[in-house]
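# Have a look at this prediction, sequence included:
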Amino acid sequence: RKEVEQDPGPFNVPEGATVAFNCTYSNSASQSFFWYRQDCRKEPKLLMSVYSSGNEDGRFTAQLNRASQYISLLIRDSKLSDSATYLCVVKRDNAGKSTFGDGTTLTVKP
Amino acid sequence: DAGITQSPRHKVTETGTPVTLRCHQTENHRYMYWYRQDPGHGLRLIHYSYGVKDTDKGEVSDGYSVSRSKTEDFLLTLESATSSQTSVYFCATSGQDSSYEQYFGPGTRLTVT
């Protein structure tokens, strides 16, 4: 079993749709959680950190459930520009080493 | 975003040759990381550094070495490149607290023929 597992993709949705991604992690001692976005042939870029209380940034909402060891990302009112691969990232120790999920590909269609 | 540059951005080399990739940052971040990204494997940590001259292995360190003689520079060396090291290599940095998010450089696309 992988340390960080994400929903298998791809997700193909129409503009305006709401889409949710889930991610589970196996190390209960994990410390920090993030969602990154990666466009084709580009570097990953931070989308948002994930806090225990849940957090929202515009159309994006991230939630963390430590008891069940999963993280979610909700995208509302999808735009064409949201098309990308979304990476779930878990920091697992004091050296800041991170484990990345394999990513979930989202394609938003007109 | 942290000012992170990588050089070269693209390289083609032959099996058995040594290769050094450079990562340079201008944010005075303490932590630096080298990852490789391959289809079906996602991003995997090769080596990381938690300060000048302080480095440690990641999950796929065989065949790679690193050095960090200055805060701003983190070098990744393939002593004798193999075709299995054909990949996209990303450098990342993180601030003074290791719980902070990581910022990535633009990547180096390496092909070993």
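Looks like it arrived, so ask away. Numbers count the residues shown, from 1 in each chain, chains lettered A, B, ... in the order given.

# The least confident helix or strand in chain A by mean pLDDT near chain B at all?
Sorting the helices and strands of chain A by mean pLDDT, DSSP states H and E puts strand A:98-100 at the bottom, at a mean of 89. Yes. Using Cβ under 8 Å from any Cβ of the partner chain, we find that strand A:98-100 touches chain B at A:98, A:100. All C-beta spots, glycine's among them, are computed from the backbone N, C-alpha and C.

# Residues in contact with that strand: which ones?
Counting contacts by Cβ atoms under 8 Å, 6 or more residues apart in numbering or on different chains, the residues outside strand A:98-100 that touch it are A:3-4, A:25, A:27, A:36, A:44, A:87-92, B:33, B:35, B:42-45, B:102.

# and if we set it to 7 Å?
If you take Cβ atoms under 7 Å, 6 or more residues apart in numbering or on different chains as the criterion, strand A:98-100 is touched by A:3-4, A:87, A:89-92, B:42-43, B:102.

# now that strand, how far from the chain's geometric center?
For strand A:98-100, the distance from its own C-alpha centre to the chain's C-alpha centre is 12 Å (Cα atoms, centre = their mean, to the nearest Å).

# which is the next helix or strand following it?
strand A:104-109 (DSSP states H and E).

# Buried residues, that next one. List them.
Neighbour-count burial for strand A:104-109 flags A:104, A:106, A:108 (criterion: 16 or more other Cβ atoms under 10 Å in any protein chain shown).

# any idea which of these is closest to residue A:60?
Sorting the buried residues of strand A:104-109 by how near they are to residue A:60, with Cβ to Cβ, puts residue A:106 at the top with 12.0 Å.

# ok, now which ones touch that closest one?
Contact analysis of residue A:106 by Cβ under 7 Å, 6+ apart lists A:11, A:19, A:82-84, A:86.

# all strands for chain B, in order.
B:4-7, B:10-13, B:19-25, B:31-38, B:42-51, B:54-57, B:64-70, B:73-78, B:87-94, B:102-104, B:108-112 (DSSP state E).

# thought residue A:55 was touching residue A:63?
No. Assessed by Cβ atoms under 7 Å, residue A:55 is found out of contact with residue A:63, at 8.1 Å.

# any idea how far the most centrally placed residue in chain B is from residue A:85?
Within chain B, the residue whose C-alpha comes closest to the C-alpha centroid is residue B:34; the distance, by Cα atoms, centre = their mean, is 2.8 Å. Plainly put, residue B:34 is 20 Å away from residue A:85 if you go by Cβ to Cβ, to the nearest Å.

# And residue A:56, by the same measure?
Noted for residue A:56: a distance of 22 Å to residue A:85, by Cβ to Cβ.

# ok, residue B:13 touching residue B:82?
No. If you go by Cβ under 7 Å, residue B:13 and residue B:82 don't touch, sitting 10.5 Å apart.

# overlap in contacts of the two?
Common neighbours of residue B:13 and residue B:82, using Cβ under 7 Å, 6+ apart, are residue B:112.
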